[in-house]
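S.K.: Predicted model and sequence below, questions to follow.
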Amino acid sequence: MRLHAFAITLAAAAGTTACLHGAALHRRGPGPSLDKSTSYVPLLSKRQQRNQVNIFFGQIQNVGAEIYGCYAGGSDDADKIPQGIQPRTVNLGNEGFDPNLDLGVMVYYIKASPNSVFMFDTSTAKVLADSCNQELRQKTGFAIDKVILSHEHGDHVSGRDASSLRQVPVVAQDTLVTKFGARGGGNVALKQGEFQAIAMQDGVMNVTNVQAHTQLGTVAMIQGVALVGDELESTLNFLVSRNTQKQSNQLQKSDDIFSQNNIEKVLPAHGSGAALFSGQFTLQLLQSNQQYLQLMATDAQSVCSQSKSQQQQNRVKETLAKSIGVKASDITDAYFATHINENCQTVGGNRKLAKQGRN
């Protein structure tokens, strides 16, 4: 899939939009992403008052390697809940409910040897990491050799200090290894642009740097499937960056990397549990994410509305879905709320500033 045309159409909007309250993206801790959006969707606010979340553990289907997943939270819609998997309820204790759990948060386990796996990300809390790892041990008997960190944000690294992971080495960009690496060594520190080949049970896994979401992004690729963290989002770009042109260019570079590694399927960190466990996302998802960037850069007003009318919201969601090649039912309340309250307001705010600068 080649998407150079999208980069050209975004050139006029290079200075627009900011990612998660501007520079906050690069310094945020746990639970950053849906704070403003909870006022827009009352269900989200209600759910954040809870201190429990369901997790689902099972094998990822329809991919070329043996990969397991542990999914926390997500939409309550019947078609979004993982099918055929008995949930387990986890009490979050004093770690609290990270708003990203409303999007659904998946950690993955890639088979490394007959008796072990590599864990990909660590979820939003130590208790969730420990609970997921307990499910792994009870249902497969596998140990964890290493933890791959997709990037630095709290909903991906907050479980790093879980008791089940304290001695486990880390694979990540060198800056993150310095912060999160195991004291006993065995860590794999990646430099920007570097590929690391790791022998796994199902073949060689290539790990490298990607930068469409954050400069410290890491993807893992094996047997035609890429574990992508937040480099791709399951229905739309969760956070539009301050520099839309740069974000689009970086996403194009990720597409090039995927093509070089013969990637056919992608496994994002967030989205519908049913969709993630079924391994349904192809590289069409990258094209859809690029279409969203193009739309927000050139015609955001067509899909941005602050109306409280449910009818108007539904119309906007239908227009948005059609524009990026998905069904309206694929866009959950959490994603749509973030689109309206984060990305739309950022685009509007930057355009207002740009207009003032011309006067």
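M.R.: Done, it's in.
S.K.: and the residue nearest to residue 169 when sequence neighbours are not counted, how many residues sit next to it?
M.R.: Distance criterion Cβ to Cβ, 6 or more residues apart in numbering; nearest residue to residue 169, sequence neighbours excluded, is residue 186 at 3.5 Å. C-beta: built from backbone N, CA, C; applies to glycine. Look at residue 186: counted by other Cβ atoms under 10 Å, it has 13 neighbours.
S.K.: so residue 186 touches residue 171, yeah?
M.R.: No. Checked against Cβ atoms under 8 Å, the pair residue 186 and residue 171 is beyond contact range at 9.7 Å.
S.K.: shared neighbours of those two, anything?
M.R.: Taking Cβ atoms under 8 Å, 6 or more residues apart in numbering as the contact rule, residue 186 and residue 171 both touch residue 146.
S.K.: re the thing from before, what pLDDT is listed against the residue nearest to residue 169?
M.R.: We have a pLDDT of 96 for residue 186.
S.K.: Surely it is within a helix?
M.R.: No. The assignment for residue 186 by DSSP: H, G, I helix; E, B strand; the rest coil gives coil, which leaves it out of any helix.
S.K.: how much space is there between it and residue 195?
M.R.: Counting by Cβ to Cβ, to the nearest Å, the gap from residue 186 to residue 195 is 19 Å.
S.K.: who touches residue 81 in this structure?
M.R.: With Cβ under 8 Å, 6+ apart, residue 81 has these contacts: 74, 75, 273, 274.
S.K.: does the last one count as helix, strand or coil?
M.R.: Of the three states, residue 274 takes helix according to three-state DSSP.
S.K.: What's the local residue count around it?
M.R.: 22.
S.K.: What's the separation between it and residue 329?
M.R.: 12 Å.
S.K.: shared neighbours, the two?
M.R.: Residues touching both residue 274 and residue 329 (Cβ under 8 Å, 6+ apart) are residue 79.
S.K.: Sketch out the strands for the stretch 151-300 of the chain, chain order is fine.
M.R.: With DSSP state E, counting those that start in this stretch, the ranges of strands along the stretch 151-300 of the chain come out as 170-173, 188-190, 195-200, 203-210, 217-222, 225-229, 265-268.
S.K.: Who are the packing partners of the shortest one?
M.R.: So that's strand 188-190. strand 170-173, helix 174-180, strand 195-200, strand 203-210 (3 or more Cβ pairs under 8 Å, 6 or more residues apart in numbering; DSSP states H and E).
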